[in-house]
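1. pasted the sequence and its predicted model underneath.
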Amino acid sequence: MKPPVWVLALSATLLVQSAASFMGQCLPVVAPLLTASTGLAPQRIGNLTSLTSLGTVAFLAFGSAILARLGPVGALQLGAGLSVAALLIAATGYWPALIVAALLLGIGYGPTPPAGSRILAASAPGRHRTLIFSIKQAGAPAGGALAGLIVAPVAARFGWQPALLLTIVAGSLSAIVISPLRAIMDIERDRGRSIHPLAILHYRNVLAPFAAVRGDPLLISVTALAVSFSLVQGTLYSFSVTYLTQRGLSLERAGLAYACLQSAGVFARVLLGWLADRTGRPAHNLTAQAYVAGAAVCAYAAMPLDAPYPTVVAIATACGFFGASWNGIMMAEIARLSPPELISETTAGSTMFTFMGYAVGPSLFAAAVPLFGWQVPYAIAGGQLAVMAAVQSAVLWQRGKRTK
């Protein structure tokens, strides 16, 4: 007996999400070795991760025509191929090549949010929508956790370039495995849609996602909170391994703590997505989560240098549980608030703003480290999330008054 369509949809999107994250997180994981081999300051990994996020923003701004032409599965395969090409370029080890690779890696990740949302929105049962979106988004920290558990030890033993080649194999396999699903999930693609560069760069492609986000005031506020979360998550993902090695941990121990941070996000995305479905108030749940995540990141910043390793792992795990598990709830809420015919555009617009946070956060963090050290920037990241949670609380309170 064939499984329901939504099971196939969830399996495909979860696989690609995990593989995309595995490829995307390999650079931060090998950062201590990569920056040392190129003679760069450790915090410069933040500039590379910012470029990766800018690449994703670029696809989200201009990629709607590609998504329409190829269909969501075809777009996911294209993204995996671009990410594989990016890692092959990065493996050359030249700093200019790393810049190109980081940008291309972000472009390759770009189809993942809108294509995944389109596939799931068309197939997920309504009563379990938030949970299903959260399970799919759990692939992001799952891929990151695998990077910490697998890539870090391989890099420590054999070098960072062989470790990149390992992620290339994973990305290639993900694109191959989902190929049979094109016949089921790409049936509505517009084969006549032009993907000529002039058509892709047309101003309407840029304006459509922004216009879609403006459709509901709550869309704007949820997107703003997502940007604040992305600033936190971007710094956690980009710098945690480097931050922990700067504190004196070995690459293997820092990689294990990073894997715990990411693994906590996997579990939390499923649990908190289920809870959001049960309460029926996902925006309120997300706001409460932001307060706790802000406090956890501030504790991460305040750890003394002589903190026991189990304490370091516990705080890192709390940061991952609350600070890296918001994505699925946000995606489901965006899809719920969007008109059905505009889900791809609304998701692209909201995600575009979110990835601007991913792009800006690590670069600001990298600029702050020489001035303040590593702890103050993390405290600022946690503090701004708590402030944004307070703003969101006010928005929800005002909306509640109007609906009474």
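-> Thanks, I have it.
2. quick one: residues contacting the most centrally placed residue in the chain.
-> Compute the mean C-alpha point of the chain, and by CA atoms, centre = their mean the closest residue is residue 140, 6.1 Å away. Residue 140 makes contact with 17, 18, 20, 21, 265, 324, 327, according to CB atoms under 8 Å, 6 or more residues apart in numbering. All C-beta atoms are positioned from the backbone trio N, CA, C, and that covers glycine.
3. I'd assumed residue 377 was in contact with residue 369.
-> Yes - the criterion here is CB atoms under 8 Å, and residue 369 meets it with residue 377 at 6.2 Å.
4. between the two, point out the one with more neighbours.
-> residue 377 (25 against 21; other CB atoms under 10 Å).
5. need the nearest residue in space to that one, chain neighbours excluded.
-> residue 368 (4.3 Å; CB to CB, 6 or more residues apart in numbering).
6. element containing the one you found, please.
-> Residue 368 is part of helix 343-372, with elements assigned from DSSP states H and E.
7. hmm, back to that, how near is the residue nearest to residue 377 to residue 11?
-> 41 Å (CB to CB, to the nearest Å).
8. so which residues of the stretch 101-250 of the chain form strands?
-> Using DSSP state E, counting those that start in this stretch, the stretch 101-250 of the chain contains no strands.
9. quick one, helices of it?
-> With helices called from DSSP state H, counting those that start in this stretch, the stretch 101-250 of the chain shows them at 112-121, 129-137, 139-146, 152-158, 160-177, 182-185, 197-200, 203-213, 217-246.
10. of the ones you listed, which is nearest residue 31?
-> Nearest to residue 31 among the helices of the stretch 101-250 of the chain is helix 217-246 (5.1 Å), distances taken as CB to CB.
11. hmm, back to that, could you tell me the angle between the helix holding residue 368 and helix 217-246?
-> 40 degrees (axes from the mean of the first three to the mean of the last three CA atoms, to 10 degrees).
12. list the buried ones in helix 343-372?
-> Applying a neighbour-count criterion of 16 or more other CB atoms under 10 Å, one finds 343-366, 368-369 buried in helix 343-372.
13. where does the stretch 151-300 of the chain have low pLDDT?
-> 190, 192-216 (pLDDT under 70).
14. return the backbone torsion pair for the closest residue to residue 187 other than its chain neighbours.
-> Nearest residue to residue 187, sequence neighbours excluded (CB to CB, 6+ apart): residue 71, at 7.7 Å. Residue 71 adopts backbone torsions of phi 80, psi 160, taken as degrees, to the nearest 10.
15. list the contacts of residue 71.
-> Neighbour list for residue 71: 182, 185, 186, 187, 188, 189 [criterion: CB under 8 Å, 6+ apart].
16. let me see the contact set for the first one.
-> So the one you mean is residue 182. Contacts for residue 182 (CB under 8 Å, 6+ apart) come out as 71, 73, 74.
17. let's see 6 Å
-> Residues in contact with residue 182 (CB atoms under 6 Å, 6 or more residues apart in numbering) are residue 73.
18. could you measure from residue 348 over to residue 240?
-> In terms of CB to CB, residue 348 sits 28 Å off from residue 240.
19. equivalent analysis for residue 352, please.
-> 25 Å.
20. same deal with residue 62?
-> Counting by CB to CB - residue 62 and residue 240 are separated by 31 Å.
21. these two - which one has more neighbours?
-> Neighbour count, other CB under 10 Å: between residue 62 and residue 240, residue 240 has more, with 26 against 20.
22. excluding its backbone neighbours, what's nearest the more buried one?
-> Distances taken as CB to CB, 6+ apart place residue 258 nearest to residue 240, at 5.1 Å, with adjacent residues excluded.
23. would you agree the one you found is in contact with residue 148?
-> Yes - using CB atoms under 6 Å, residue 258 is in contact with residue 148, at 4.0 Å.
24. for the contacts of residue 71, work out which two are farthest apart.
-> 182 and 188 (11.8 Å).
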